[in-house]
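Visitor: With the sequence up front, the predicted model follows.
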Amino acid sequence: MNRPMSMFIMLIILAGSCFFYGEYCHAGGDELTVNKLMNAEYRLKCGKIKLTDGVFENPIEGAHHSSTEWPGKFDFGDLNGDGAADAVAILWSFVGASGTWVELVAIKNQKGHPRQAAALNLGNKVNIKSLSINSGLILLEIVRHSPSDPMCCPSVHFLEKYRVKGNKLVLVSKEKLHVGTTED
């Protein structure tokens, strides 16, 4: 997918997200907003980056890590029991010729400012089906590669549950899901 089309799709996702999560899209107060998350700093496998409108473009020409994008997969909920709405998000980092690192990022709400609590590289070209926060747990439905899958096409569905512990995301449970097809 070319870059302009990718940006257009991200804007459509953001607009839809604001419709469903409207109270989190308006700035102000001690709430995290989609806008704040799309313009925050993150520490990822590729290093420290700062998103601007959901995108980071590496200024170093020919660098292994070319860009990071916010694909619009996120949720708000309390991760640490303080009653404030924290967030969890997926970020894509484009590396090398065909690599796409998919990273899960837990973001704590510090008086309305996003502060990364933890990040976890989920792998190359995995497919995120759903992401949510429930009772302090991060619930992630993910499609991973079997040993025989080509890189383009992961086929094994899992429900993974994570908890923030210190500055790490700890896998609490992993359940293989039996799904008829990955095309939906």
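Guide: Looks like it arrived, so ask away.
Visitor: how close does C152 get to G123?
Guide: 13 Å (CB to CB, to the nearest Å). (Each C-beta comes from the backbone N, C-alpha and C, glycine too.)
Visitor: Those two: which has the busier surroundings?
Guide: When neighbours are counted by other CB atoms under 10 Å, C152 and G123 differ, and G123 comes out ahead with 14 against 8.
Visitor: Beta-bridge partners for the more buried one, please?
Guide: V102 (DSSP bridges).
Visitor: Would you mind listing the residues in contact with it?
Guide: Contact partners of G123, counting by CB atoms under 8 Å, 6 or more residues apart in numbering, are 101-102, 144-145.
Visitor: hmm, 10 Å instead?
Guide: By CB atoms under 10 Å, 6 or more residues apart in numbering, the contact set of G123 is 100-103, 142, 144-145, 154.
Visitor: sec struct for the residue located most distally from the centre of the chain, please.
Guide: If you look at how far each residue of the chain sits from its centre, by CA atoms, centre = their mean, the farthest one is S148, at 26.1 Å. Remark: S148 carries the secondary structure label coil [criterion: DSSP: H, G, I helix; E, B strand; the rest coil].
Visitor: thinking it is in contact with P154, fair?
Guide: No. Contact between S148 and P154 fails when scored by CB atoms under 10 Å: they sit 11.1 Å apart.
Visitor: what are the ranges of the helices in the chain?
Guide: Counting by DSSP state H, the segments of the chain that form helices are 3-20, 34-37.
Visitor: Write the PyMOL selection for whichever of the contacts of G123 are buried.
Guide: Remark: buried members of the contacts of G123, expressed as a PyMOL selection using 16 or more other CB atoms under 10 Å:
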select buried, resi 101+102+103+142+144+145+154
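Visitor: can you redo the contacts of G123 as JSON lines with distance to H178?
Guide: Rendered in JSON lines, the data for the contacts of G123 read as follows (distance: CB to CB, whole Å):
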{"residue": "T100", "distance to H178": "26"}
{"residue": "W101", "distance to H178": "28"}
{"residue": "V102", "distance to H178": "23"}
{"residue": "E103", "distance to H178": "27"}
{"residue": "I142", "distance to H178": "15"}
{"residue": "R144", "distance to H178": "14"}
{"residue": "H145", "distance to H178": "17"}
{"residue": "P154", "distance to H178": "15"}
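Visitor: Make TSV out of the contacts of G123 and add pLDDT and distance to E69.
Guide: What follows is the contacts of G123, written out as TSV (pLDDT from 0 to 100; distance: CB to CB, whole Å):
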residue	pLDDT	distance to E69
T100	81	10
W101	83	11
V102	89	11
E103	92	11
I142	94	18
R144	94	21
H145	91	21
P154	90	19
